[in-house]
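J.: model this:
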Amino acid sequence: MSKKPKFSIIVPVYNVEPYLSYCLNTIVEQTLRDIEIICVNDGSTDQSLKILQAYAREDDRIKIINKPNGGLSSARNAALPVAEGEYILFVDSDDMICKYTCDRLYREILQKAPDVIIFGTEIFPGAVMKPDRGWLEWTLAVNPVYYDKNCINALFWERASKPYVYNKCFKNSTLKKNKISFDEQIKFGEDMVFLFMVFSRISSVIYIPDKLYKYRYDREGSLMDQSRKDVEWKLKYHLKIMEKILKDWDEHGFIKGHEESLYIWCLEFIVNELSAISNKNVRMAICQKLKMFIKTYHLKPINRNDYVKDLEAKLRGGVFKA
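T.: Have a look, this model is predicted:
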């Protein structure tokens, strides 16, 4: 039996012809060569597949999976069962990684072999500035720390823990043992559901500040671009995400002891965009569903401090009352 590669790099591909070569170049040029590259062509209608085939002819580490279009979660899930690497990286096909990303991560693996490694991200292009860019830079900043227990606390206490998978490296055996995959019913925010499943089932996670991933900000036509333009659509997906997470945690007994953290996260997940919705009835409907989740799963703040009071106050415009 051949030796398993150190990393499986999963690249979902859908109509990214202008960006794909830039992405693949940074992967095939990794200084650590012992990797496999699984590219999932998710029903592309442009020249993306031809680009993949050209790269595969030059590099036998590249595997191509062809499938009908099913969305990002479906594409990633198609690769997970065939991934043989010790660890898994998810790279979006319009983004890039540093040439020493795998080398740097493997140094951490040799020392601690954690279930998850979280690393820094560079946002490009640097000149683009929109209202959520500051938030994005803040949430992707990594505080160097190691958790060898209480990883659910890490999910809530360390800002880089969520909401994206692209700045993380996952132990393949941990994902397989816990049967963790992406929810294909969630078309936006699927990373958040995946991460809540992961952090509730792991025993160790390490955070390193090195900026090993390069995130392409503000690509026209991306789901992130759509979410900026349609806040109502975004918040309705947030409620779907919340429902999936709370149901999973309730079924597996993860809520107990984390009621306050979940309460605060639920409020934060809704409050920032709620004021951007002008229709009062829509705001009321969102807040009423949020209130139902809080009541159903017995979420509550242990300490109603100024921060919690401020979140609650911002939601009262939508007729929210804890």
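J.: For the stretch 201-322 of the chain, just list every one of the helices.
T.: Taking DSSP state H, counting those that start in this stretch, the helices of the stretch 201-322 of the chain run over residues 223-229, 231-251, 259-274, 280-296, 306-315.
J.: Let's have the ones you listed in CSV, adding mean pLDDT and distance to Glu58.
T.: Just so you know, the C-beta spots here come from the backbone N, C-alpha and C atoms, and that holds for glycine as well. Converted to CSV, the helices of the stretch 201-322 of the chain look like this (pLDDT from 0 to 100; distance: least, Cβ to Cβ, whole Å):
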stretch, mean pLDDT, distance to Glu58
helix 223-229, 51, 31
helix 231-251, 93, 39
helix 259-274, 92, 44
helix 280-296, 91, 50
helix 306-315, 88, 52
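J.: so which of the ones you listed comes closest to Pro144?
T.: Smallest distance to Pro144 across these (Cβ to Cβ): 21.9 Å, for helix 259-274.
J.: Return the list of helices and strands in contact with the closest one.
T.: Helices and strands touching helix 259-274, by 3 or more Cβ pairs under 8 Å, 6 or more residues apart in numbering; DSSP states H and E, are helix 151-157, helix 231-251, helix 280-296, helix 306-315.
J.: and Val193, which of the ones you listed is closest to it?
T.: Counting by Cβ to Cβ, Val193 lies closest to helix 231-251 out of these; the figure is 5.0 Å.
J.: so how far is that closest one off the chain centroid?
T.: 14 Å (Cα atoms, centre = their mean, to the nearest Å).
J.: What's the mean pLDDT across stretch 95-109?
T.: Stretch 95-109 carries an average pLDDT of 97.
J.: Kindly report the same for stretch 41-49.
T.: Averaging pLDDT along stretch 41-49 yields 97.
J.: just to revisit the earlier point, need the helices of the stretch 201-322 of the chain in CSV with distance to Glu36, can you?
T.: As requested, these are exported to CSV (distance: least, Cβ to Cβ, whole Å):
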stretch, distance to Glu36
helix 223-229, 27
helix 231-251, 30
helix 259-274, 35
helix 280-296, 40
helix 306-315, 44
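J.: Out of the helices and strands packed on helix 259-274, the one nearest Ala78 is which?
T.: It is, among those and with distance given as Cβ to Cβ, helix 231-251, at 20.3 Å.
J.: what packs against that closest one?
T.: Judged by 3+ Cβ pairs under 8 Å, 6+ apart, the packing partners of helix 231-251 are helix 190-199, helix 223-229, helix 259-274, helix 280-296.
J.: Figure out which of these is closest to Asn150.
T.: Minimum separation from Asn150 across the helices and strands packed on helix 231-251 (Cβ to Cβ) falls at helix 190-199, 10.2 Å.
J.: what angle sits between that closest one and helix 231-251?
T.: Compare the direction of helix 190-199 with that of helix 231-251 by axes from the mean of the first three to the mean of the last three Cα atoms, to 10 degrees and you get 20 degrees.
J.: Show me what helix 190-199 packs onto, helices and strands only.
T.: Looks like helix 190-199 contacts helix 151-157, helix 231-251 (3+ Cβ pairs under 8 Å, 6+ apart).
J.: remind me which residues of the stretch 1-150 of the chain are low pLDDT?
T.: Low-confidence segments of the stretch 1-150 of the chain, defined by pLDDT under 70: 1-2, 126-131.
J.: Please identify the buried residues of stretch 295-303?
T.: Using 16 or more other Cβ atoms under 10 Å as the test for burial, stretch 295-303 gives Tyr297, Leu299, Pro301.
J.: rewinding a little: of the helices of the stretch 201-322 of the chain, which is nearest Asp210?
T.: With distances scored as Cβ to Cβ, the stretch of those nearest to Asp210 is helix 223-229 (23.7 Å).
J.: what would the helices and strands packed on helix 231-251 look like in TSV with distance to Ile109?
T.: Converted to TSV, the helices and strands packed on helix 231-251 look like this (distance: least, Cβ to Cβ, whole Å):
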stretch	distance to Ile109
helix 190-199	17
helix 223-229	30
helix 259-274	29
helix 280-296	37
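J.: okay, those, which one's buried deepest?
T.: helix 190-199 (a mean of 23; mean count of other Cβ atoms under 10 Å).
J.: could I get it in PDB with only the CA atoms?
T.: The C-alpha trace of helix 190-199 is given here as PDB (Å, rounded to 0.1, in the frame of the first residue of the first chain):
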ATOM      1  CA  GLU A 190     -22.500  26.100   5.400                       C
ATOM      2  CA  ASP A 191     -19.100  26.700   7.000                       C
ATOM      3  CA  MET A 192     -20.700  27.800  10.200                       C
ATOM      4  CA  VAL A 193     -22.800  24.600  10.600                       C
ATOM      5  CA  PHE A 194     -19.700  22.500   9.800                       C
ATOM      6  CA  LEU A 195     -17.600  24.300  12.400                       C
ATOM      7  CA  PHE A 196     -20.100  23.900  15.200                       C
ATOM      8  CA  MET A 197     -20.200  20.200  14.400                       C
ATOM      9  CA  VAL A 198     -16.400  20.000  14.500                       C
ATOM     10  CA  PHE A 199     -15.700  22.000  17.600                       C
END
